[in-house]
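In: I'd like to go over a predicted model; first the sequence, then the structure.
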Amino acid sequence: MQFRQQALAKLQSPEELDLPVRFARPQGWLVLSVTVLVMAAASVWAVTGSVASTVSAPAVLTHGEGSYILQSPAAGQVTAVLAKEGQRLPAGSPVLKVRTAEGEAVVRTVAAGRITALAATIGQIISTGANVAAVEKVAGADDPLYATVYVPAENAASIPEDAAVDLTVQTVPSQEYGVLRGHVKSVDRAAQSARQIAAFLGDSQLGEQFTEDGRPVAVLVRLDKASGTKSGYKWSSADGPPYRLTSMTMATGSIRLADQRPVDWLLP
């Protein structure tokens, strides 16, 4: 009965309308303001911002025209090796002499270039069409180097023209000299087979290696030049390595893909 009387007395008492009401503490307003600002900034970035991504893939430093595999036009025994690895020869230069049933035959270069590998030795018996040498198509020592990066086919469409490329060269300590700088020159939109890669590089093993996970796309990279470095090319460090680069050097290329919006807006 006592509690009932107290409840009735409270209901009959006038409301305290003159007392101030506190909706939130100052700390709460601060947290709310920060939250609103963060959400607003995120919304603006979602509309105007972009996300940069890269793709990494194996690469080879070569001259622009690639290489070719020199084959013997006749079967017989090798009697002389007339060229050396690393030697530059004009088109039609003798590389091997082969004794055949009809007489002596000479294996000559098809196009001017540098001998990167010799697969024949004196006394060896070879058959018609046998691979005897790999020749890189280069006319002079001043011909510029390029990098050919073999990227997965699904990334080819995302590579923009003149995209920036960082190359970690196998023969250059990156912790000391940094990475080699370059930009995309062209993208081959057709995926390449192991045979096509081997024909361009003059190395069947690289053709098989680069196609282990599927047919890649060849991306030709123009190396950025710098007159102040020993190599003649631009590096992430000031001077780069204290020596020149050679062709057929392995590397890893990191290509910047086209920027993508974080939010895709669907319009009716």
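Out: Ah, there it is. Residues are numbered from 1 along each chain as shown.

In: Going by neighbour count, list what's buried in stretch 55-75.
Out: For stretch 55-75, burial by neighbour count (16 or more other CB atoms under 10 Å) applies to 55, 57-63, 65-70, 72, 74. (C-beta placed from N, C-alpha, C; glycine too.)

In: For the closest residue to Pro216 other than its chain neighbours, report the pLDDT, please.
Out: Spatial nearest neighbour of Pro216, excluding adjacent residues (CB to CB, 6 or more residues apart in numbering): Tyr150 at 3.9 Å. Here the pLDDT value assigned to Tyr150 is 96.

In: Where do the helices of the protein begin and end?
Out: Per DSSP state H, the chain carries helices over the ranges 2-12, 26-48, 174-177, 194-201, 204-210.

In: if you average pLDDT over each of those helices, which comes out lowest?
Out: Lowest mean pLDDT within the helices of the chain: helix 2-12, a mean of 56.

In: how much space between the residue lying closest to Arg215 once chain neighbours are set aside and Ala199?
Out: Spatial nearest neighbour of Arg215, chain neighbours left out: Ala191 (3.7 Å); criterion: CB to CB, 6+ apart. The gap separating Ala191 from Ala199 is 15 Å, by CB to CB, to the nearest Å.

In: And Pro173, by the same measure?
Out: Distance from Pro173 to Ala199, by CB to CB: 32 Å.

In: same check, this time on Gly129
Out: Distance, Gly129 to Ala199, by CB to CB: 14 Å.

In: what's around Tyr243, how many residues?
Out: Using other CB atoms under 10 Å, Tyr243 is surrounded by 10 other residues.

In: Setting the sequence-adjacent residues aside, check what's closest to Ala83.
Out: Using CB to CB, 6+ apart and skipping residues adjacent in sequence, the residue nearest Ala83 is Val95, 4.5 Å away.

In: Next one: that neighbour from Ile122, what distance?
Out: When CB to CB is the yardstick, Val95 and Ile122 sit 13 Å from each other.

In: overlap in contacts of these two?
Out: With contacts taken as CB atoms under 8 Å, 6 or more residues apart in numbering, Val95 and Ile122 have Val81 as neighbours in common.

In: quick one on the thing from earlier: could you check which of Pro173 and Ala199 is surrounded by more residues?
Out: Ala199 (17 against 10).

In: for that one, what are its contacts?
Out: Gly66, Tyr68, Ile69, Gly207.

In: Looking at these, which is nearest Asp224?
Out: Nearest to Asp224 among those, counting by CB to CB, is Gly66 at 21.0 Å.

In: List the contacts of the closest one.
Out: Applying CB under 8 Å, 6+ apart to Gly66 gives the contacts Glu136, Lys137, Thr148, Ala199, Phe200, Leu201, Gly202.

In: Over to Lys225?
Out: With CB under 8 Å, 6+ apart, Lys225 has these contacts: Pro144, Gly232, Tyr233, Lys234.

In: Top of those residues by number of neighbours, please.
Out: In terms of neighbours by other CB under 10 Å, these top out with Tyr233 at 22 neighbours.

In: Quick check: bridge partners of that one?
Out: For Tyr233, the beta-bridge partners are Lys225 (DSSP bridges).

In: quick one: it and Ala226 touch, right?
Out: Yes. At 6.0 Å, Tyr233 counts as touching Ala226 under the criterion of CB atoms under 8 Å.

In: Mutual contacts of those two, please.
Out: Residues touching both Tyr233 and Ala226 (CB under 8 Å, 6+ apart) are Gly240.

In: So for stretch 86-95, mean pLDDT?
Out: 91.

In: Can we start the residue count at 56 from this point?
Out: OK, 56 is where the count begins now, so the last one is stretch 141-150.

In: Figure out how far it is from the centre of its chain.
Out: Here the centre of stretch 141-150 is set off from its chain's centre by 32 Å, with CA atoms, centre = their mean, to the nearest Å.

In: now do the same end-to-end measure for stretch 293-303.
Out: Length of stretch 293-303, first residue to last, CA to CA, to the nearest Å: 24 Å.

In: so Pro215 makes contact with Leu312?
Out: Yes. Using CB under 8 Å, Pro215 makes contact with Leu312 at a distance of 7.5 Å.

In: Identify the residues contacting stretch 298-305?
Out: 113-118, 122, 169, 171, 191, 193, 200, 224-227, 235, 256, 258, 285-288.

In: Having no further points to raise, I will conclude here.
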